[in-house]
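1. Sequence and predicted structure are below.
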Amino acid sequence: MDFGRNPRLYKSTVAAIARDSVRFGLIKPVLNRAVKVHVHGLEHLDGLRAPFLVTPNHSGHLDGPLIMLTMPNRLTKELATGAAADYFFDKWYTAMGTHLLMNAFPVDRTRSKGKNHRGMAGELLDAGVSLLIFPEGTRSRTGGMGRFKPGTAALAIAHNVPIVPVALVGSWAAWPPTEKRWLPGRPDVHVVYGAPMTAEPGEIAHEFSERVRRKIIEMHDGVARAYGMPTQAEMMHLAAIERARTTQEKDKKRDA
């Protein structure tokens, strides 16, 4: 099934009602049993109007639902989520489920001989559909933020739409990528919304992308310090120590 290039699919009132029923009837109760969600900065979204781009850091399986269930409903009603075409849209039933739950559209992470979805994000923005895109392109394996791909910033510049920076704090620790499910004890997860950002005159995509990334790190670390949670630098440091320990153990086994 191809959810291809028809923006009307992402603005359907019937589909939005169905998504809300599933999100608030099924997903939200599960999320609330898994983690304690704390939301900051919603006042920054008061004057926001579609279309816009939402760009969180990406560190866990809960990230998409955390955004969809904490943003005001007036903003998520027609918010479409970028999802990896090679993972979520390779089979018709996963494509249908992902589209229904997250209003997802396929994003090509790699060049393939299959369907080409390039340009679809721009078409949705032009149709007034806002987008949730994780600019790192994949989940962090360590909790530390990776580099942002400049494509999201390029979209914002080309279509003259703002970017809403979002910092997710504690999402990685709540459900590490090595675990099959979230950790017990309802760990705290913070969703931090920043003021919408626009490109400055003459600012190119790489520059704008890095400015957004620095802002998200600033937001993340401000909340992390306030609640006694690891900052980005601390998570990167711990990850480096773990990599060194693993390498040392492998060397010892090889030399034994």
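-> Here it is on my side, so go on.

2. Between the two ends of stretch 34-47, what distance do you get?
-> Start-to-end span of stretch 34-47 (C-alpha to C-alpha, to the nearest Å) is 32 Å.

3. Which parts of the chain are strands?
-> 36-40, 53-56, 80-84, 104-107, 131-132, 163-169, 188-193 (DSSP state E).

4. Output those strands as JSON lines; include the columns mean pLDDT, distance to K253 and mean neighbour count.
-> Just so you know, the C-beta spots here come from the backbone N, C-alpha and C atoms, and that holds for glycine as well. Output for the strands of the chain, formatted as JSON lines (pLDDT from 0 to 100; distance: least, C-beta to C-beta, whole Å; neighbours: other C-beta atoms under 10 Å):
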{"stretch": "strand 36-40", "mean pLDDT": "98", "distance to K253": "41", "mean neighbour count": "16"}
{"stretch": "strand 53-56", "mean pLDDT": "98", "distance to K253": "39", "mean neighbour count": "26"}
{"stretch": "strand 80-84", "mean pLDDT": "79", "distance to K253": "35", "mean neighbour count": "23"}
{"stretch": "strand 104-107", "mean pLDDT": "76", "distance to K253": "39", "mean neighbour count": "25"}
{"stretch": "strand 131-132", "mean pLDDT": "96", "distance to K253": "43", "mean neighbour count": "26"}
{"stretch": "strand 163-169", "mean pLDDT": "98", "distance to K253": "36", "mean neighbour count": "26"}
{"stretch": "strand 188-193", "mean pLDDT": "98", "distance to K253": "37", "mean neighbour count": "22"}
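
5. mind listing what's buried in the longest helix along the chain?
-> Criterion DSSP state H: the longest helix present in the chain is helix 232-255. For helix 232-255, burial by neighbour count (16 or more other C-beta atoms under 10 Å) applies to Q232, M235, M236.

6. tell me the angle that helix makes with strand 163-169.
-> Interaxial angle of helix 232-255 relative to strand 163-169 (axes from the mean of the first three to the mean of the last three C-alpha atoms, to 10 degrees): 60 degrees.

7. Now do helix 232-255: which elements does it pack against?
-> With contacts taken as 3 or more C-beta pairs under 8 Å, 6 or more residues apart in numbering; DSSP states H and E, helix 232-255 sits against helix 205-226.

8. what's the helix it packs on packed up against?
-> Against helix 205-226 (3+ C-beta pairs under 8 Å, 6+ apart) you get strand 53-56, helix 151-159, strand 163-169, strand 188-193, helix 232-255.

9. how far out from the middle of the chain is the shortest one?
-> Right, the one you point to is strand 53-56. Computed by C-alpha atoms, centre = their mean, to the nearest Å, the chain-centroid distance of strand 53-56 equals 7 Å.
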